[in-house]
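Q: Quick check, what structure comes out for this input:
(one chain, ligands or ions: 1)
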Amino acid sequence: MLKVTNLTKRFGGTVAVNQVNLQVNKGEIVGIIGPNGSGKSTLLHTITGVYQPDEGVIEYRNRDITRAPLEEKARMGIGRTFQNLRLFKRLTVWENLMIPAIQLKKDRKVAEEEAQELLELVKLHNHATEQAQNLSIGQQRLLEFIRAVMLNSELIFLDEPTAGFHPNMIQNFLDTLQKLHARGKTFVMIEHNIPAIMEVSTRLIAVAAGEVIADGDPKTVHANPQVVEAYLG
Ligand SMILES: Nc1ncnc2c1ncn2[C@@H]1O[C@H](COP(=O)(O)OP(=O)(O)OP(=O)(O)O)[C@@H](O)[C@H]1O
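A: Below you'll find the model as predicted:
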């Protein structure tokens, strides 16, 4: 589905992403872990078109999308959420879901049914008429998450989706993720909550100092001595 080859992104003298190779196959939930400052967000920004890479190639469904901007990648089915949320804060929960869906020329009735169903899935249906800014951070993250799903995204990148969550909301998020996964969505998720990522990931990628240091079965990667060293060292 997605193939990244020799991807490099520099900021001045800092090599934030260094010759990264990775693939994402349809139906996976790929977890990305790594210490603070290891390049996870920059990797995600570069793949999704927030940043342009300095080197490397990004292919989606066998098409070269290396230089496509964020909006074009979104139209191709690559969705994402942001660590610093990007909701329409003064609009209602319902409007946050419907406005982008209508801009995408979705049929209004289909979009309304989908919005209602997704709101029920993340237990936000009683908040539909509230302004987004009045929700808790966790609820805002859930809203941004289902908005990405509403936008016909097939491959969805999540940047620390459970950051700021009340502990009892984490399971709600993980259950929703697995339900959407069961319907055919593919996910790539950066997360510091290791128990959460171990629960849902079908594959785990560990990065350190801008490089992929392990990629494979979650339990094997988590136990990899280099990964343990990167976290503790
Ligand atoms: N816009 C930027 N300008 C300059 N340097 C940047 C920029 N964004 C990231 N960096 C640097 O690139 C490196 C990787 O940062 P990045 O935010 O991608 O790491 P991260 O693994 O996502 O960290 P965290 O887990 O804390 O979110 C760091 O050295 C950081 O200081």
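Q: how about the residues of the chain that lie near the ligand?
A: Of all the residues in the chain, those in contact range of the ligand (CB under 6 Å from any ligand atom) are 11, 14, 16, 34, 36-42. Any C-beta I mention is one placed from the backbone N, CA and C, and that applies to glycine too.
Q: Sitting in helices, which of those do you find?
A: Among the residues of the chain next to the ligand, the ones falling in helices (DSSP state H) are 40-42.
Q: Could I get the full set of strands for the chain?
A: Applying DSSP state E to the chain gives strands spanning 2-11, 14-24, 29-33, 55-60, 63-64, 78-80, 155-159, 186-190, 203-208, 211-216.
Q: would you turn the ones you listed into JSON lines with mean pLDDT?
A: Formatted as JSON lines, the entries for the strands of the chain read as follows, by pLDDT from 0 to 100:
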{"stretch": "strand 2-11", "mean pLDDT": "98"}
{"stretch": "strand 14-24", "mean pLDDT": "98"}
{"stretch": "strand 29-33", "mean pLDDT": "97"}
{"stretch": "strand 55-60", "mean pLDDT": "98"}
{"stretch": "strand 63-64", "mean pLDDT": "96"}
{"stretch": "strand 78-80", "mean pLDDT": "93"}
{"stretch": "strand 155-159", "mean pLDDT": "95"}
{"stretch": "strand 186-190", "mean pLDDT": "97"}
{"stretch": "strand 203-208", "mean pLDDT": "97"}
{"stretch": "strand 211-216", "mean pLDDT": "97"}
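Q: May I see those strands arranged in TSV, with distance to His127 as well?
A: As requested, these are exported to TSV (distance: least, CB to CB, whole Å):
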stretch	distance to His127
strand 2-11	33
strand 14-24	32
strand 29-33	26
strand 55-60	34
strand 63-64	38
strand 78-80	22
strand 155-159	21
strand 186-190	24
strand 203-208	33
strand 211-216	38
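Q: want to try CSV for those strands, with mean neighbour count as columns?
A: Conversion of those to CSV gives the following (neighbours: other CB atoms under 10 Å):
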stretch, mean neighbour count
strand 2-11, 18
strand 14-24, 18
strand 29-33, 26
strand 55-60, 17
strand 63-64, 10
strand 78-80, 25
strand 155-159, 25
strand 186-190, 24
strand 203-208, 23
strand 211-216, 18
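Q: Quick one: low-confidence residue ranges for this structure.
A: Segments of the chain classed as low confidence (criterion: pLDDT under 70) are 232-233.
Q: Asp217 - how many residues pack around it?
A: Asp217 has 13 neighbours, counted by other CB atoms under 10 Å.
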